[in-house]
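In: please find the sequence and the predicted model below.
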Amino acid sequence: MRGIGTRSNESPTLADSFYITTPIYYVNGSPHIGHAYTTIAADTITRYQRLKGREARFLTGTDEHGQKVLEAAEARGMTPRAHCDDLVVVWKAMMSRLNIEYDRFIRTTDSDHEALVKAVLTKLWERGEIYKDEYVGWYLVKDEVFVTGKDHEARIASGELKEEDFRKIKEANYFFKMGSYKQQLVDHIEANDDFIQPENRRNEVLGFLRKDLGDLCISRPKSRMSWGIELPFDSEFVTYVWFDALLNYLTGTGYHPDPDVADPSWNQWWPADFNLIGKDILTTHSVYWTTMLLAMGVPLPKHIYAHGWWVSSDGDKIGKSAGNAIDIDLLVDAFGVDATRFFFLREIRFGADGGFSYEQFLSRYNTDLANDLGNLAHRGLSMTTNWLGGQVPPLGEITDAERDLRELATAALRTFDTEMDALHYSRALSALLDVVGAGNKYIDTQQPWALNKAGNTKRLQTVKRHVLEICYFAATLLLPFMPEKSAILLEKLGRSPHAAERSLQSMLAAGRANLDQLPEGLPVNVGDQLFPRFREMPDAIQALFAEAPAPKPKKAKKPKKPKKGAPVEEIEFGDFMKVQLKVGVIQKAEQHPNADRLLVLSVDLGEPQPRTIVAGIKSKFSAEEVVGRKVVVVANLKPAKLRGVESQGMILAAGEKEVLDLVGVDAPVGEIVR
Ligand code: MSP
């Protein structure tokens, strides 16, 4: 953990400071990899910004008020305060296990936070931004949000939620005039392309704002739920948990609505560079939080970044309620903390959903860490030890092979830096791992063993020197991702993380990678393998499966066909955009060998190979009739066997019961349809 006191005494300048926050986590259960994911991401970028020389501040913590936490405490027969104190220890332990260096772990029960919430409420109340009214509606405890009657019905009808997930509520409450900031918010989002990221989330929010935006109920009568911060202007009520929780991001800066009370450095951190969140809490952040800030006259964060979900192999979100939470301790015990941190940021694009499986973890570990990075380090260090006296060799004449490596490292450095600043962790890592891969290839082609045998010491020295330099380059850039293993690799190379920090800063200032950094004659040390290869799944994980009862084969949920006339469930814009539609032309059509109603089509989508698509259109069209027709194809549908023939997509046709016509379009083959 990093204490606030460890910051340098000099105030950071605006351009130099970096501030990032994670959501504050509900203490209604233990942490799982979903929570770890956001926190690792925030920690990694904070470490990177510090490595680059920026003053950085990283805030995380726990969300302790509200019905959900209260119910969890009651279930344990504890007071909410004692329950939270107890669980906070577990959350902090998870963070320390993952080497998370936060600047502050905020709890919404902290006194400075409670004081800030009250001060903000008082200010908004005095300004007439809050009013009292009667609320009638539905409350969804799981998400701690009110939902409209329409939403309530639709989510039950779709089978997503049950009646008992909701509470019917009719009571007097206080409301924040959220609706009156709608246009200002839309204008801000439209004027700032990268305010809400990734772009699909931005579109989702703009879509949401196209509908009416009501006011926000920001209180709970104590008679129903008393676990919260008391409203400063009515002691019968407590503050709505989201209104309270969102303000933590400002508490973390020392903000106060009264400038005389505020910490003078608060606006050196605010606006935050990133409010990092999962996609589940996009609306509360992009709409509630932003309008609260607009009403307070405080600038909006620079970016709200919503990453995707980790889902289990059957597609369910990993989480406590799904009962499929992955144990972080187990992963760390089995593979180590650095491999765990690395996996989550490397495996999927930040923003997209990712399926978790132990097999995938193992394979990623073996490929990137054991085979690529670990192997490069071992080859570089052991040959230097065996043939060159265990010291960084001098550099001789360089050839095109070395010049290529240097160019590649420069390109990787630039990509890495740009992608990291945009939180594209996996792309940054890809660029770096390309250099590691090139280092291994370089060894293969230069054949240092042959150079050694032939007594060509000069060339051997130059080659080994480059391999060690690539190891140093990789260890430097990997410090934020894998602080322990990178430090070990640096130590093997006779360098410290401090030296690496200076190297990175000078390379970034020059805009070029520098593969001449290691002092000649510096002793190196092979030591143990950095990432020993796993030939099979670690025992602790195997044991998990041995103990677990065989999972019941889960039937794939068949999407229910809506009844005729029944309201069709609305889908998010982002969901629609997952479907890739392409223009194709039917080149060939044949009768399906096992089904009268099906045709087997060969459709050209402008790809190297035509697709085989099985279509149930025989009732309307003969094989000859459809050849040459341009059609719209769902191109990213998982292939499926239809009566023994694999169909690699689907063509669109009109008609619910009977095919009336094929959807055709006058556009070039391969063109995307939106
Ligand atoms: N307390 C609110 C947040 C208030 S912020 C002012 C809350 N807490 S939570 O405990 O439910 O945490 C939600 C966050 O945990 C998500 O936004 C995400 O950052 C992380 N994750 C929880 N489960 C996850 C996955 N399965 N996958 C990825 N991250 C997810 O909401």
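Out: On my side now, so go ahead.
In: name the SS class of Arg346, please.
Out: Secondary structure state of Arg346, per DSSP: H, G, I helix; E, B strand; the rest coil, is helix.
In: next: Asn375.
Out: helix.
In: how about it, what does it touch?
Out: Counting by CB atoms under 8 Å, 6 or more residues apart in numbering, Asn375 touches Asn440. Every residue, glycine included, has its C-beta placed from N, CA and C.
In: got it, and Leu477?
Out: Contact partners of Leu477, counting by CB under 8 Å, 6+ apart, are Leu413, Phe416, Leu432, Leu504.
In: how about the backbone phi and psi for the second one?
Out: Which is Phe416. For Phe416, the backbone dihedrals (degrees, to the nearest 10) come out as phi -60, psi -50.
In: the residue nearest to it when sequence neighbours are not counted: which element?
Out: Of all residues not flanking Phe416 in the chain, Ala428 sits nearest, at 4.6 Å (CB to CB, 6 or more residues apart in numbering). For Ala428, the host element (DSSP states H and E) is helix 425-446.
In: which one of the contacts of Leu477 is nearest to Gly228?
Out: Checking the contacts of Leu477 against Gly228 by CB to CB gives Phe416 as the nearest, at 44.2 Å.
In: from the ligand, how far off is the closest one?
Out: Phe416 sits 24 Å away from the ligand, going by CB to the nearest ligand atom, to the nearest Å.
In: tell me who's in contact with that residue.
Out: Neighbouring residues of Phe416 by CB under 8 Å, 6+ apart: Ala428, Ala431, Leu432, Leu477.
In: count of neighbours near the closest residue to the ligand within the stretch 251-400 of the chain?
Out: Using CB to the nearest ligand atom, the closest approach of the stretch 251-400 of the chain to the ligand is made by Gly278 at 2.7 Å. Here the count is done by other CB atoms under 10 Å, and Gly278 has 18 residues near it.
In: before we move on, what's the pLDDT of the nearest residue to Pro198 once chain neighbours are set aside?
Out: Among residues not flanking Pro198 along the chain, Gly351 sits closest, at 4.0 Å (CB to CB, 6+ apart). Predicted confidence (pLDDT) for Gly351: 95.
In: also the one 3 residues further on?
Out: Note on Gly354: pLDDT of 92.
In: I'd say it and Arg346 touch.
Out: No. Between Gly354 and Arg346 there is no contact under CB atoms under 8 Å: 10.5 Å.
In: separation between the residue lying closest to Arg81 once chain neighbours are set aside and the ligand?
Out: Excluding the flanking residues, the one nearest Arg81 by CB to CB, 6+ apart is Thr109, at 6.9 Å. Look at Thr109 and the ligand: by CB to the nearest ligand atom, they are 13 Å apart.
In: cool, and Leu213?
Out: 20 Å.
In: now that residue: closest residue in space, sequence neighbours ignored.
Out: Lys182 (4.3 Å).
In: give the contact list for Trp387.
Out: Applying CB under 8 Å, 6+ apart, the residues near Trp387 are Pro448, Asn452, Leu460, Lys464.
In: may I see the buried residues of the one helix or strand the third one maps to?
Out: Leu460 is located in helix 457-478, with elements delineated by DSSP H and E. The neighbour-count criterion (16 or more other CB atoms under 10 Å) identifies 459-478 as the buried residues of helix 457-478.
In: residue of this structure nearest the ligand, please.
Out: Relative to the ligand, the nearest point of the chain is Gly34 (2.2 Å; CB to the nearest ligand atom).
In: am I right that that residue sits in a strand?
Out: No. Using three-state DSSP, the assignment for Gly34 is helix, not a strand.
In: wait, isn't it in contact with Ser312?
Out: No. Contact criterion CB under 8 Å: Gly34 and Ser312 do not qualify, at 10.9 Å.
In: which residues do the two both contact?
Out: Common neighbours of Gly34 and Ser312, counting by CB under 8 Å, 6+ apart, are Ile318.
In: quick one: which of these two has more around it?
Out: Gly34 (23 against 17).
In: mind checking the backbone torsions on Phe166?
Out: phi -110, psi 150.
In: and the pLDDT for it?
Out: pLDDT, Phe166: 90.
In: ok, now which ones touch the residue lying closest to it once chain neighbours are set aside?
Out: Of all residues not flanking Phe166 in the chain, Trp138 sits nearest, at 4.7 Å (CB to CB, 6+ apart). Going by CB under 8 Å, 6+ apart, Trp138 touches Phe146, Val147, Thr148, Gly149, Asp151, His152, Phe166, Arg167, Lys168, Ile169.
In: now those: which count as buried?
Out: Phe146, Val147, Asp151, His152, Phe166, Ile169.
In: Ala635: which of those is nearest?
Out: Closest approach between those and Ala635, by CB to CB: Asp151, at 32.5 Å.
In: I'd assumed that closest one was in a helix, is it?
Out: Yes. Counting by three-state DSSP, Asp151 falls inside a helix.
In: residues near the residue nearest to Leu213, how many?
Out: 18.
In: can you say which helix or strand has it in it?
Out: helix 182-191.
In: now that helix, how far from the centre of its chain.
Out: Helix 182-191 sits 25 Å away from the centroid of its parent chain (CA atoms, centre = their mean, to the nearest Å).
In: that older thread, mind checking the SS state of the residue nearest to Phe166?
Out: When classified by three-state DSSP, Trp138 comes out as strand.
In: on that earlier part again, who's the residue of the stretch 251-400 of the chain closest to the ligand bridged to?
Out: Per DSSP bridges, the residues bridged to Gly278 are His307.
In: ok, it touching His307?
Out: Yes. Gly278 is within contact range of His307, at 5.9 Å (criterion: CB under 8 Å).
In: overlap in contacts, the two.
Out: Common contacts of Gly278 and His307 (CB under 8 Å, 6+ apart): Thr38.
In: if we can go back for a sec, just list the residues touching the residue of the stretch 251-400 of the chain closest to the ligand, thanks.
Out: Gly278 neighbours (CB under 8 Å, 6+ apart): Pro23, Gly34, Thr38, Ala306, His307, Gly308, Trp309.
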